[in-house]
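Asks: Provided below for reference: sequence and predicted model.
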Amino acid sequence: MKTIEIRNGEKKIYDICLDHSYAHLREKLQELGVSGRKVCIVTDSQVAPLYLKEIANLCCGLVSKVTHFVFDAGEASKNLAVIEEIYEKLIIEKFDRKDYIIALGGGVTGDMAGYAAATYLRGIDFIQLPTTLLSQVDSSIGGKTGVDFQQYKNMVGAFHQPALVYMNLNTLKTLDDRQLCAGMAEVIKHGLIKNNAYYQWIKAHTHLILERDYDTLEHMIYESCLVKGGVVERDPKEQGERALLNFGHTIGHSVEKLKDFKWLHGECVALGMVAAAAISMHRGLISDETCKDIREVLTTFHLPVQVEGLKPEDILSATKSDKKMDGGRVKFILLQSPGNAFIDRGVSDDEILEGIGACL
Ligand SMILES: NC(=O)c1ccc[n+]([C@@H]2O[C@H](COP(=O)([O-])OP(=O)(O)OC[C@H]3O[C@@H](n4cnc5c(N)ncnc54)[C@H](O)[C@@H]3O)[C@@H](O)[C@H]2O)c1
Ligand SMILES: O=C(O)C(=O)C[C@@H](O)[C@H](O)[C@H](O)COP(=O)(O)O
Ligand SMILES: [Zn+2]
């Protein structure tokens, strides 16, 4: 098992554990002090038949009570109505401040279970057991929790750090190719914003990743956890650097809602990265070749670089009603070069339309 510690100065906040099974999970739960407490495993309808029993059995005999809450899989469930149902379950089961929520699943599960944990009784501990590539490399780390509100993406939420992130990489064996590739959008994002050598490594290992060569996937997930973990350790509440993780998300989130959440989050991020790269190119920061290279890498992973059926002005106006507005300006992440991103609050409407134009 490999472990990455997330710290705040001298103090360890939590471990990110990468394992090939759940063999060491029980001892990690014991270390945390879960023994004798209640746990509620929050998971979705697709993950429950695959892994719920294993996690529930593992907790039995250690905790005083294991209960679970299962919701319909998919982004459409990421809302306050489902959060209310989780509160109801916790109240019925008499959960107190020292009891735990376990998020077993992808980013939707982690964001929702984390938000329920952040707000129930003003905050109880939660544990992330991510089972999609996207959640293993990105959403389980850093404590951004929340839900969509009406048509607004992640509009209601809280920063609430997990007590533990523990991933069994073998769970990826049951994940379908479309979901795996959606996770690759965030992986490619990590290379593009922080580490060109890693971006080049991803390009050189495309075939092995797509073939799901286990050692290659393990190395990649570890590298991505280092990038994401490093950023959130330095800037846990997005006061500065953490906003770089939003590369591709400014336009990506707009497309996600305009497409009625029918495109996966990672797919929308891919499109948003194409637009942000195009804006960076028009600024003279990166070359046309680099832009083409980014499109090619995304295409290799079957990610969309073009969208049909949306009007540029609708994407622009959705972008301006997103929470990425900062003092009346859109907060954009641009590329200085591959591996080197920066925050820009001065991107004009014309530039945004030009970026959108690159994906139509
Ligand atoms: N909090 C953050 O920092 C952060 C970061 C990135 C994305 N997100 C959020 O994460 C969400 C996307 O996460 P996601 O892509 O994991 O989606 P998801 O949670 O909907 O999972 C995708 C699908 O895969 C299924 N699934 C999960 N694990 C499986 C497995 N091992 N085998 C078979 N099927 C499995 C799920 O049931 C679901 O149908 C979005 O809501 C996005 O906004 C949050
Ligand atoms: O952890 C972060 O910070 C991120 O921005 C990671 C993103 O991949 C993720 O999609 C996040 O939820 C977007 O944040 P938001 O604040 O724009 O909703
Ligand atoms: Zn994302």
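Replies: Received, thanks. Ligands and ions are numbered 1, 2, ... in the order given.

Asks: what domains does the record give for the protein?
Replies: With domains defined by the TED database, the chain comprises 2-173, 177-358.

Asks: Endpoints of the shortest one, how far apart?
Replies: Right, the one you point to is domain 2-173. Using Cα to Cα, to the nearest Å, the gap from the first to the last residue of domain 2-173 comes to 19 Å.

Asks: Would you format the domains of the chain as JSON lines with mean neighbour count and mean pLDDT included?
Replies: To be clear about C-beta, it is placed using only N, CA and C from the backbone, and glycine gets the same treatment. Shown next, in JSON lines, are the domains of the chain (neighbours: other Cβ atoms under 10 Å; pLDDT from 0 to 100):
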{"stretch": "domain 2-173", "mean neighbour count": "19", "mean pLDDT": "98"}
{"stretch": "domain 177-358", "mean neighbour count": "19", "mean pLDDT": "96"}
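
Asks: Including distance to ligand 1, could those go into TSV?
Replies: Conversion of the domains of the chain to TSV gives the following (distance: least, Cβ to the nearest ligand atom, whole Å):
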stretch	distance to ligand 1
domain 2-173	2
domain 177-358	4
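
Asks: Would you mind listing what in the protein touches ligand 2?
Replies: Taking Cβ under 6 Å from any ligand atom as the criterion, the neighbours of ligand 2 within the chain are 138, 142, 144, 154, 186, 238, 242, 245-246, 249.

Asks: please redo it, this time with the cut-off set to 8 Å
Replies: The chain has residues 107, 111, 138-139, 141-142, 144, 146, 153-154, 157, 186, 189, 228, 231-232, 238, 242-243, 245-246, 249, 253, 265, 269, 322-324 near ligand 2, with proximity defined as Cβ under 8 Å from any ligand atom.

Asks: which residues in the stretch 1-150 of the chain form strands?
Replies: Secondary structure of the stretch 1-150 of the chain (DSSP state E, counting those that start in this stretch): strands located at 2-8, 11-19, 38-44, 65-71, 100-105, 125-130, 144-149.

Asks: For the ones you listed, give me JSON lines that also has distance to E31.
Replies: Rendered in JSON lines, the data for these read as follows (distance: least, Cβ to Cβ, whole Å):
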{"stretch": "strand 2-8", "distance to E31": "12"}
{"stretch": "strand 11-19", "distance to E31": "9"}
{"stretch": "strand 38-44", "distance to E31": "15"}
{"stretch": "strand 65-71", "distance to E31": "18"}
{"stretch": "strand 100-105", "distance to E31": "13"}
{"stretch": "strand 125-130", "distance to E31": "12"}
{"stretch": "strand 144-149", "distance to E31": "23"}
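
Asks: Which one, of those, ends up nearest to I209?
Replies: Relative to I209, the nearest member of the strands of the stretch 1-150 of the chain by Cβ to Cβ is strand 11-19, separated by 16.2 Å.

Asks: Alpha carbons of that closest one, in CSV - could you do that?
Replies: Written as CSV, here are the backbone C-alpha positions of strand 11-19 (Å, rounded to 0.1, in the frame of the first residue of the first chain):
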residue,chain,number,x,y,z
LYS,A,11,-0.2,18.4,11.8
LYS,A,12,-1.3,15.5,9.7
ILE,A,13,-4.9,16.1,8.4
TYR,A,14,-5.4,12.7,6.6
ASP,A,15,-3.9,9.9,4.7
ILE,A,16,-4.5,9.1,1.0
CYS,A,17,-4.0,5.3,0.8
LEU,A,18,-3.6,3.6,-2.6
ASP,A,19,-4.1,-0.2,-2.2
